[in-house]
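> got a sequence here, can you build the structure:
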Amino acid sequence: MSWFKRESKGIITTTDQKKEAPDGIWNKCPQCKKPLHYSEQVENQYVCHYCGYHLRIGSKEYFSVLFDNNEFTELFADMTSGDPLQFTDSKKYTDRLSETQFKTGLKDAIRAGVGKINGQELVIACMDFNFIGGSMGSVVGEKIARSIDHCIANKIPFLMISKSGGARMMEAAFSLMQMAKTSAKLALLGQAKIPFISLLTDPTTGGVTASYAMLGDINIAEPGALIGFAGPRVIKETIKKDLPKGFQTAEFVQEHGFLDFIVDRREMKEELGAFLKMMRN
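Sure thing, here's the model as predicted:
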(Lines give C-alpha, C1' and ligand atoms only; values in the text may rest on other atoms or scores of the structure.)
Protein backbone atom coordinates (compact mmCIF):
# COMPACT_ATOMS: atom_id res chain seq x y z
CA MET A 1 0.00 0.00 0.00
CA SER A 2 2.97 2.33 -0.46
CA TRP A 3 1.11 4.04 -3.31
CA PHE A 4 -1.55 5.07 -0.76
CA LYS A 5 0.90 6.29 1.89
CA ARG A 6 3.17 7.94 -0.70
CA GLU A 7 6.23 6.75 1.26
CA SER A 8 8.57 7.54 -1.63
CA LYS A 9 7.99 11.25 -1.09
CA GLY A 10 8.11 11.02 2.68
CA ILE A 11 4.42 11.93 3.02
CA ILE A 12 1.96 9.82 4.97
CA THR A 13 -1.74 10.59 4.45
CA THR A 14 -3.54 7.57 5.84
CA THR A 15 -7.19 8.13 6.72
CA ASP A 16 -6.65 7.57 10.45
CA GLN A 17 -4.41 10.65 10.52
CA LYS A 18 -6.80 12.90 8.62
CA LYS A 19 -7.93 15.92 10.62
CA GLU A 20 -11.43 17.29 10.21
CA ALA A 21 -12.09 21.05 10.20
CA PRO A 22 -13.45 22.20 13.59
CA ASP A 23 -17.21 22.66 13.78
CA GLY A 24 -18.35 26.17 12.89
CA ILE A 25 -15.33 27.08 10.74
CA TRP A 26 -17.14 26.24 7.50
CA ASN A 27 -20.82 26.02 6.68
CA LYS A 28 -22.97 26.10 3.58
CA CYS A 29 -25.17 28.93 2.37
CA PRO A 30 -28.79 27.70 2.59
CA GLN A 31 -29.64 29.47 -0.68
CA CYS A 32 -26.74 29.04 -3.14
CA LYS A 33 -25.20 26.03 -1.33
CA LYS A 34 -21.66 27.41 -1.61
CA PRO A 35 -19.20 26.96 1.29
CA LEU A 36 -18.66 29.92 3.60
CA HIS A 37 -15.73 30.35 5.96
CA TYR A 38 -16.54 31.75 9.39
CA SER A 39 -14.08 34.64 9.11
CA GLU A 40 -15.69 35.65 5.81
CA GLN A 41 -19.13 35.55 7.41
CA VAL A 42 -18.02 37.85 10.23
CA GLU A 43 -16.31 40.24 7.82
CA ASN A 44 -19.41 40.37 5.62
CA GLN A 45 -21.76 40.72 8.63
CA TYR A 46 -23.17 37.23 8.18
CA VAL A 47 -24.37 37.81 4.63
CA CYS A 48 -23.38 35.35 1.89
CA HIS A 49 -20.92 37.16 -0.37
CA TYR A 50 -21.96 34.98 -3.32
CA CYS A 51 -25.73 35.49 -3.40
CA GLY A 52 -26.51 38.04 -0.67
CA TYR A 53 -28.50 35.60 1.46
CA HIS A 54 -28.85 36.87 5.05
CA LEU A 55 -27.81 34.08 7.41
CA ARG A 56 -29.81 33.66 10.60
CA ILE A 57 -27.95 35.15 13.54
CA GLY A 58 -28.73 35.85 17.19
CA SER A 59 -28.42 38.68 19.68
CA LYS A 60 -24.66 38.22 20.12
CA GLU A 61 -24.03 38.79 16.42
CA TYR A 62 -26.55 41.62 16.05
CA PHE A 63 -25.04 43.47 19.00
CA SER A 64 -21.57 43.10 17.48
CA VAL A 65 -22.82 44.41 14.12
CA LEU A 66 -24.79 47.38 15.49
CA PHE A 67 -23.26 48.68 18.73
CA ASP A 68 -20.19 50.89 18.36
CA ASN A 69 -17.12 48.72 19.06
CA ASN A 70 -19.52 46.05 20.38
CA GLU A 71 -19.72 48.03 23.63
CA PHE A 72 -23.01 47.85 25.54
CA THR A 73 -24.49 47.23 28.96
CA GLU A 74 -26.85 44.28 29.12
CA LEU A 75 -30.18 44.94 30.82
CA PHE A 76 -32.12 42.47 33.00
CA ALA A 77 -29.70 39.68 32.18
CA ASP A 78 -30.76 37.23 34.90
CA MET A 79 -34.48 36.95 34.18
CA THR A 80 -35.70 33.37 33.60
CA SER A 81 -39.09 31.77 32.99
CA GLY A 82 -41.15 30.03 35.64
CA ASP A 83 -43.56 27.17 35.05
CA PRO A 84 -46.95 28.54 36.17
CA LEU A 85 -48.93 25.82 34.33
CA GLN A 86 -46.73 22.86 35.35
CA PHE A 87 -46.62 22.07 31.62
CA THR A 88 -45.56 18.60 30.50
CA ASP A 89 -45.57 17.30 26.95
CA SER A 90 -42.85 14.89 25.87
CA LYS A 91 -40.83 16.36 28.75
CA LYS A 92 -41.31 18.86 31.55
CA TYR A 93 -41.14 22.52 30.59
CA THR A 94 -38.59 23.15 33.34
CA ASP A 95 -36.36 20.41 31.91
CA ARG A 96 -36.64 21.88 28.41
CA LEU A 97 -35.72 25.32 29.74
CA SER A 98 -32.67 23.95 31.57
CA GLU A 99 -31.50 21.99 28.54
CA THR A 100 -31.92 24.97 26.20
CA GLN A 101 -30.15 27.32 28.60
CA PHE A 102 -27.23 24.92 28.81
CA LYS A 103 -27.10 24.38 25.04
CA THR A 104 -27.38 28.04 24.00
CA GLY A 105 -25.84 29.88 26.94
CA LEU A 106 -28.94 32.11 26.98
CA LYS A 107 -31.40 32.70 29.82
CA ASP A 108 -34.37 33.04 27.45
CA ALA A 109 -35.29 33.97 23.89
CA ILE A 110 -34.35 37.65 24.18
CA ARG A 111 -31.49 39.86 25.32
CA ALA A 112 -31.54 43.62 25.82
CA GLY A 113 -28.68 46.08 25.91
CA VAL A 114 -28.02 49.80 25.94
CA GLY A 115 -25.16 51.30 23.96
CA LYS A 116 -24.46 53.62 21.04
CA ILE A 117 -24.92 53.43 17.27
CA ASN A 118 -22.72 55.96 15.48
CA GLY A 119 -22.48 57.87 18.76
CA GLN A 120 -26.25 57.93 19.37
CA GLU A 121 -27.56 56.15 22.44
CA LEU A 122 -30.02 53.32 21.82
CA VAL A 123 -31.66 50.41 23.65
CA ILE A 124 -31.78 47.23 21.57
CA ALA A 125 -33.91 44.21 22.46
CA CYS A 126 -33.04 41.25 20.23
CA MET A 127 -34.70 37.84 20.03
CA ASP A 128 -32.81 34.55 19.67
CA PHE A 129 -34.43 31.89 17.48
CA ASN A 130 -32.16 29.16 18.91
CA PHE A 131 -34.02 29.41 22.23
CA ILE A 132 -37.21 27.34 21.72
CA GLY A 133 -37.79 28.85 18.29
CA GLY A 134 -37.54 32.42 19.58
CA SER A 135 -40.92 31.88 21.21
CA MET A 136 -42.54 34.73 23.12
CA GLY A 137 -43.10 33.82 26.74
CA SER A 138 -43.43 35.83 29.93
CA VAL A 139 -39.71 36.67 30.09
CA VAL A 140 -39.69 38.00 26.52
CA GLY A 141 -42.67 40.24 27.23
CA GLU A 142 -41.31 41.42 30.57
CA LYS A 143 -37.86 42.24 29.17
CA ILE A 144 -39.42 44.27 26.38
CA ALA A 145 -41.67 46.07 28.86
CA ARG A 146 -38.76 46.87 31.19
CA SER A 147 -36.59 47.96 28.25
CA ILE A 148 -39.33 50.40 27.22
CA ASP A 149 -39.54 51.69 30.81
CA HIS A 150 -35.76 52.25 30.69
CA CYS A 151 -36.15 54.17 27.43
CA ILE A 152 -38.89 56.39 28.85
CA ALA A 153 -36.98 57.09 32.06
CA ASN A 154 -33.77 57.98 30.21
CA LYS A 155 -35.21 59.45 26.96
CA ILE A 156 -33.48 56.84 24.79
CA PRO A 157 -34.85 55.47 21.47
CA PHE A 158 -35.80 51.80 21.29
CA LEU A 159 -34.95 49.19 18.62
CA MET A 160 -36.74 45.84 18.65
CA ILE A 161 -35.20 43.03 16.57
CA SER A 162 -37.82 40.32 16.10
CA LYS A 163 -37.02 36.71 15.18
CA SER A 164 -39.68 34.33 16.41
CA GLY A 165 -41.99 31.42 15.71
CA GLY A 166 -44.71 33.09 17.81
CA ALA A 167 -46.14 32.66 21.29
CA ARG A 168 -44.69 29.97 23.57
CA MET A 169 -47.24 27.17 23.84
CA MET A 170 -45.85 25.94 27.16
CA GLU A 171 -47.03 29.17 28.83
CA ALA A 172 -50.39 29.30 27.02
CA ALA A 173 -52.42 32.39 28.03
CA PHE A 174 -49.44 33.84 29.91
CA SER A 175 -47.58 34.11 26.60
CA LEU A 176 -50.58 35.60 24.79
CA MET A 177 -50.87 38.27 27.49
CA GLN A 178 -47.45 39.57 26.42
CA MET A 179 -48.99 40.82 23.15
CA ALA A 180 -51.24 43.25 25.02
CA LYS A 181 -48.61 44.18 27.61
CA THR A 182 -45.90 45.07 25.12
CA SER A 183 -48.36 46.94 22.88
CA ALA A 184 -49.54 49.02 25.86
CA LYS A 185 -45.95 49.82 26.81
CA LEU A 186 -45.21 50.94 23.24
CA ALA A 187 -48.22 53.25 23.42
CA LEU A 188 -46.61 54.88 26.47
CA LEU A 189 -43.34 55.17 24.56
CA GLY A 190 -45.22 56.94 21.77
CA GLN A 191 -46.88 59.33 24.23
CA ALA A 192 -43.42 60.19 25.55
CA LYS A 193 -42.43 60.99 21.91
CA ILE A 194 -39.50 58.56 22.02
CA PRO A 195 -38.69 56.81 18.71
CA PHE A 196 -39.36 53.10 18.24
CA ILE A 197 -37.80 51.24 15.31
CA SER A 198 -38.96 47.69 14.60
CA LEU A 199 -36.62 45.38 12.67
CA LEU A 200 -38.21 42.18 11.37
CA THR A 201 -35.79 39.36 10.55
CA ASP A 202 -36.16 35.79 9.31
CA PRO A 203 -38.57 34.50 10.58
CA THR A 204 -41.05 36.84 12.28
CA THR A 205 -44.36 35.07 12.73
CA GLY A 206 -47.35 34.45 15.01
CA GLY A 207 -48.18 36.64 17.98
CA VAL A 208 -44.94 38.59 17.63
CA THR A 209 -46.00 39.80 14.18
CA ALA A 210 -49.48 40.52 15.54
CA SER A 211 -48.12 42.77 18.29
CA TYR A 212 -44.91 44.73 18.80
CA ALA A 213 -43.15 43.75 15.56
CA MET A 214 -45.60 45.78 13.45
CA LEU A 215 -45.97 48.78 15.76
CA GLY A 216 -42.79 50.68 14.98
CA ASP A 217 -42.61 54.34 14.06
CA ILE A 218 -40.52 52.81 11.29
CA ASN A 219 -40.91 49.14 10.34
CA ILE A 220 -37.94 47.70 8.47
CA ALA A 221 -36.89 44.19 7.49
CA GLU A 222 -33.92 42.28 6.12
CA PRO A 223 -34.10 41.03 2.51
CA GLY A 224 -35.96 37.77 2.04
CA ALA A 225 -37.18 37.55 5.64
CA LEU A 226 -40.23 35.38 6.28
CA ILE A 227 -42.92 37.61 7.81
CA GLY A 228 -46.47 36.54 8.59
CA PHE A 229 -49.00 35.49 11.20
CA ALA A 230 -50.21 31.98 10.37
CA GLY A 231 -48.35 29.53 8.15
CA PRO A 232 -49.10 29.32 4.41
CA ARG A 233 -50.79 25.90 4.74
CA VAL A 234 -53.21 27.18 7.40
CA ILE A 235 -54.04 30.27 5.35
CA LYS A 236 -54.59 28.27 2.17
CA GLU A 237 -56.94 25.88 3.95
CA THR A 238 -58.82 28.81 5.48
CA ILE A 239 -59.36 30.95 2.38
CA LYS A 240 -59.52 28.00 -0.05
CA LYS A 241 -57.31 29.77 -2.59
CA ASP A 242 -53.79 29.38 -3.92
CA LEU A 243 -51.36 31.88 -2.44
CA PRO A 244 -49.33 34.36 -4.55
CA LYS A 245 -45.70 33.64 -5.40
CA GLY A 246 -43.31 34.96 -2.75
CA PHE A 247 -46.13 35.19 -0.22
CA GLN A 248 -44.91 36.26 3.25
CA THR A 249 -41.48 37.43 2.11
CA ALA A 250 -40.30 40.86 3.22
CA GLU A 251 -40.55 42.08 -0.37
CA PHE A 252 -44.19 40.95 -0.68
CA VAL A 253 -45.07 42.48 2.70
CA GLN A 254 -43.47 45.80 1.75
CA GLU A 255 -45.29 45.85 -1.60
CA HIS A 256 -48.58 45.56 0.29
CA GLY A 257 -47.81 48.41 2.67
CA PHE A 258 -46.82 46.72 5.92
CA LEU A 259 -43.12 47.70 5.80
CA ASP A 260 -41.43 51.04 5.26
CA PHE A 261 -38.03 49.80 4.16
CA ILE A 262 -36.00 46.68 3.41
CA VAL A 263 -32.38 47.19 4.45
CA ASP A 264 -29.33 45.05 3.74
CA ARG A 265 -27.64 44.02 6.99
CA ARG A 266 -24.33 45.43 5.76
CA GLU A 267 -25.97 48.87 5.54
CA MET A 268 -28.13 48.49 8.65
CA LYS A 269 -26.00 50.44 11.11
CA GLU A 270 -25.70 53.48 8.84
CA GLU A 271 -29.42 53.41 8.03
CA LEU A 272 -30.40 53.11 11.69
CA GLY A 273 -28.08 55.98 12.54
CA ALA A 274 -29.77 58.10 9.85
CA PHE A 275 -33.25 57.15 11.10
CA LEU A 276 -32.34 58.06 14.69
CA LYS A 277 -30.90 61.40 13.66
CA MET A 278 -33.97 62.18 11.54
CA MET A 279 -36.44 61.26 14.31
CA ARG A 280 -34.52 63.18 16.96
CA ASN A 281 -34.69 66.29 14.81
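
> make it CA atoms for all contacts and neighbour counts henceforth
Noted.

> how about stretch 154-162: buried residues?
155-162 (16 or more other C-alpha atoms under 10 Å).

> tell me the mean pLDDT for it?
What stretch 154-162 shows for mean pLDDT is 98.

> please enumerate residues in contact with that stretch?
With contacts defined as C-alpha atoms under 8 Å, 6 or more residues apart in numbering, stretch 154-162 is touched by 121-127, 147-148, 150-151, 194-201, 204, 208, 213, 276.

> mind listing the strands for the stretch 1-150 of the chain?
Residue ranges of the strands in the stretch 1-150 of the chain, as given by DSSP state E, counting those that start in this stretch, are 26-28, 35-37, 72-75, 110-117, 120-127.

> meant to ask about the stretch 151-281 of the chain
In the stretch 151-281 of the chain, the strands defined using DSSP E, counting those that start in this stretch lie at 158-164, 196-204, 218-221, 261-262.

> where does the residue lying closest to residue 92 once chain neighbours are set aside fall, phi/psi-wise?
Nearest non-adjacent residue to residue 92, counting by C-alpha to C-alpha, 6 or more residues apart in numbering: residue 86, 7.7 Å away. Dihedral pair for residue 86: phi 50, psi 50, per degrees, to the nearest 10.

> isn't residue 86 up against residue 93?
Yes. Using C-alpha atoms under 8 Å, residue 86 is in contact with residue 93, at 7.3 Å.

> between the two, which one's more packed in?
Counted by other C-alpha atoms under 10 Å, residue 86 and residue 93 do not tie: residue 93 has more neighbours, with 19 against 11.

> wait, what's in contact with that one?
83, 86-87, 170.

> chain center to stretch 95-108, what's the gap?
Mean-position distance between stretch 95-108 and its chain equals 17 Å (C-alpha atoms, centre = their mean, to the nearest Å).

> okay then, goodbye and thanks.
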